[in-house]
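S.K.: return atomic coordinates for the entry below.
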Amino acid sequence: MPSARWVGLISAPIYAMSLAVSFAAIPNMAGAAVIGTNTPAPEVSAARLGELPANQRAAWADYIARSQKQMAFDRATLAAELQPGEIPPPPPTAGRGKMVLNKDAAWYATPEARAMADTIVSFQTPSGGWSKNQDRTKPPRLRGQRYANNAETMELNTGSFDAPHDRFWTFVGTLDNGATWTEMRFLGRVQAQQPGKDGDAYRASIIKGIHYLLMAQYPNGGWPQNYPLEGGFHDGITFNDDAVAQAALILEDIAEGKEGFAFVPADLRQKAGAASARAIRPILDAQIVVDGKKTIWPQQVDALTLTPISARNYEMRSLASAESTDVLLFLMRQPKPTPEIRAAVHAGVAWLKAHAIYDKAFTEVSKDEGRKLIDKPGAGPIWSRNYDITTGKPIFGDWDKSIQDDVNNISKGRRNGYSWYGAGPKKALDAYADWAKKHPK
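M.R.: Numbering: from 1, shown residues only. Alright, predicted model coming up:
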């Protein structure tokens, strides 16, 4: 199998084919806004195992089988809560999590925090993860109530890359939007204020969550967005929303007994540390190489080949500045960075510095138009969320799967509904200033 580093060499003719983006279908004429069409990501399936070296296939076949078994287990456990013919309660509605992690330690002993912790425990899936976008200040889950929000109104057969295989069962266990690791960190703070039996349920939930993260980790060390596997881009190793980095970080903190995790048994802490260390390999291999030079990372990669993949209709294969920021911060946290880690960080930061944008702002120009990219002397630095892998220029997506070269030309709703530009990468640059003193080129 060609390595991710080889695939990243854009001088190779096969490169454009590996991206599966239809640039040839729409000529890039002078001034043209549409430069390509997004195409869906591949799933992780037994049918694709032939793409792997023979000595890796058994581990992946076992992983896929275990995922399918866990999905069946989760479904059967929920079904068993109801009597035959009994109508289940309505599913939870979407909301903000409200799981604050920066309160004074004493706050996590309050009835308010305890109530949130009880709700969190009640919504933990049988496999050990959590769904996303749920208000944890709401009451605990009812018997027979789904673990995830209502997706029944989502239209199917529209060509949307985001359409679930099953509207009644989606994101049942995920790292998307901060899910699972945030619940575990919140419970860690609450249990630390309940050293006796009153904290046992929270500690048991954290232990179950650790086993979930260990079980969900791919054989190559990455994590999918959703586990058990749900198909589509959700199967990709996901840097978006800091999924891989946060999974690795919490396991690292568990291994070191930090932030409310000192109670975890030593053998499980050791497993957590080993899993966190394994996450570094796919991160390093997923760094995209262009013309022989390391650049930054995509939003997500195919779990089997580590090549960039798309996500939603408007999230195309790209060099992704926000996700790369999170990856770089994670790599700079490593206490003893190897030469390979150091080279990855130096290269990633150099790329971000070279692509910083000044004298521009992505801001509201009117109530009618919303946000646009405009000239603003003295502003910056900001970065585009996505850059074309070949040219290194900003690119933008829309609901119709078009890939465009000007954010001001995409539909108003999509332009205002996504963070197309941001200053987030400056966090990595600031951290790098101190890190580079200890680890110079």
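S.K.: hey, let's count contacts and neighbours off CA atoms from now on
M.R.: Will do.
S.K.: what separates stretch 87-97 from the chain centre, distance-wise?
M.R.: Remark: stretch 87-97 is offset 23 Å from the chain centroid, using Cα atoms, centre = their mean, to the nearest Å.
S.K.: residues making contact with it?
M.R.: Residues from elsewhere that reach stretch 87-97, judged by Cα atoms under 8 Å, 6 or more residues apart in numbering: 82, 132-137, 142-150.
S.K.: what number of residues lie near the nearest residue to Asn240 once chain neighbours are set aside?
M.R.: Distances taken as Cα to Cα, 6 or more residues apart in numbering place Gln299 nearest to Asn240, at 5.0 Å, with adjacent residues excluded. Counted by other Cα atoms under 10 Å, the residues lying close to Gln299 total 27.
S.K.: distance check, Gln299 against Val407.
M.R.: Gln299 sits 18 Å away from Val407, going by Cα to Cα, to the nearest Å.
S.K.: and stretch 301-321, how far out from the chain middle?
M.R.: For stretch 301-321, the distance to the chain centre is 11 Å (Cα atoms, centre = their mean).
S.K.: state the mean pLDDT of the host helix or strand of Gln56.
M.R.: For Gln56, the enclosing helix or strand under DSSP states H and E is helix 54-79. When pLDDT is averaged over helix 54-79, the result is 98.
S.K.: buried ones in that helix, by neighbour count?
M.R.: Applying a neighbour-count criterion of 16 or more other Cα atoms under 10 Å, one finds 57, 60, 63-64, 66-67, 70-71, 74, 78-79 buried in helix 54-79.
S.K.: what residue ranges in the stretch 151-300 of the chain score low on pLDDT?
M.R.: Filtered on pLDDT under 70, the stretch 151-300 of the chain yields the residue ranges 152-157.
S.K.: and the nearest residue to Ala343 once chain neighbours are set aside, how many neighbours?
M.R.: With sequence-adjacent residues excluded and distances taken as Cα to Cα, 6+ apart, Ala343 is closest to Lys441, at 7.6 Å. Neighbour count of Lys441, defined by other Cα under 10 Å: 11.
S.K.: who's in contact with Lys441?
M.R.: The contact partners of Lys441, by Cα under 8 Å, 6+ apart, come to 342-343, 346.
S.K.: helices of the chain, start to end?
M.R.: 4-7, 14-19, 54-79, 111-122, 181-192, 200-216, 243-255, 266-278, 280-286, 321-333, 339-354, 412-416, 426-438 (DSSP state H).
S.K.: indicate which one of the ones you listed is closest to Pro308.
M.R.: In terms of Cα to Cα, the element of these nearest to Pro308 is helix 14-19, at 7.1 Å.
S.K.: just give me the neighbour total for the closest residue in space to Ser384 that isn't next to it in sequence.
M.R.: Closest residue in space to Ser384, ignoring its immediate chain neighbours: Tyr421 at 4.5 Å, by Cα to Cα, 6+ apart. Here the count is done by other Cα under 10 Å, and Tyr421 has 21 residues near it.
S.K.: surely Tyr421 and Tyr358 touch.
M.R.: No - applying Cα atoms under 8 Å as the test, Tyr421 and Tyr358 come out as separate, 11.8 Å apart.
S.K.: anything in contact with each of these two?
M.R.: Ile382.
S.K.: show me the contacts for Ser419.
M.R.: Arg385.
S.K.: pLDDT score assigned to it?
M.R.: 94.
S.K.: phi, psi of it?
M.R.: As for Ser419, its main-chain torsions (degrees, to the nearest 10) stand at phi -90, psi 80.
S.K.: do the one 5 residues further on as well
M.R.: Backbone torsions for Gly424, taken as degrees, to the nearest 10, come to phi -50, psi -40.
S.K.: ok, now Trp420?
M.R.: phi -70, psi -30.
S.K.: give the burial count for Glu369, as a bare number.
M.R.: Glu369 is flanked by 13 other residues according to other Cα under 10 Å.
S.K.: verify the stated contact: it with Ser411.
M.R.: No - at 10.1 Å, Glu369 does not count as touching Ser411 under the criterion of Cα under 8 Å.
S.K.: tell me who's in contact with Gly273.
M.R.: Gly273 neighbours (Cα under 8 Å, 6+ apart): 251-252, 254-256.
S.K.: repeat the analysis, applying 6 Å as the threshold.
M.R.: 252, 255 (Cα atoms under 6 Å, 6 or more residues apart in numbering).
S.K.: same question, the one 5 residues further on
M.R.: The neighbourhood of Arg278, defined by Cα under 6 Å, 6+ apart, consists of Gly221.
S.K.: so how far is Ala248 from it?
M.R.: Noted for Arg278: a distance of 9 Å to Ala248, by Cα to Cα.
S.K.: show the average pLDDT along stretch 401-413.
M.R.: Per-region confidence: stretch 401-413 scores 96 on mean pLDDT.
S.K.: pull that stretch out as PDB, backbone CA atoms only.
M.R.: Extracted in PDB, the C-alpha atoms of stretch 401-413 (Å, rounded to 0.1, in the frame of the first residue of the first chain):
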ATOM      1  CA  LYS A 401     -21.100  20.200  -3.400                       C
ATOM      2  CA  SER A 402     -19.400  22.900  -5.500                       C
ATOM      3  CA  ILE A 403     -15.800  23.800  -4.500                       C
ATOM      4  CA  GLN A 404     -15.200  27.600  -5.000                       C
ATOM      5  CA  ASP A 405     -12.300  29.900  -4.700                       C
ATOM      6  CA  ASP A 406     -14.000  32.900  -3.200                       C
ATOM      7  CA  VAL A 407     -16.000  32.800   0.100                       C
ATOM      8  CA  ASN A 408     -18.100  35.800  -1.000                       C
ATOM      9  CA  ASN A 409     -19.500  33.800  -3.900                       C
ATOM     10  CA  ILE A 410     -20.900  30.900  -2.000                       C
ATOM     11  CA  SER A 411     -24.600  30.900  -0.800                       C
ATOM     12  CA  LYS A 412     -25.400  33.300   2.000                       C
ATOM     13  CA  GLY A 413     -26.700  30.700   4.300                       C
END
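S.K.: now that stretch: buried residues?
M.R.: Neighbour-count burial for stretch 401-413, counted by 16+ other Cα under 10 Å, picks out 401-408, 410, 412.
S.K.: over to stretch 263-272?
M.R.: Residues 263-264, 268-272 are the ones in stretch 263-272 that count as buried (16+ other Cα under 10 Å).
S.K.: great, nothing more from me.
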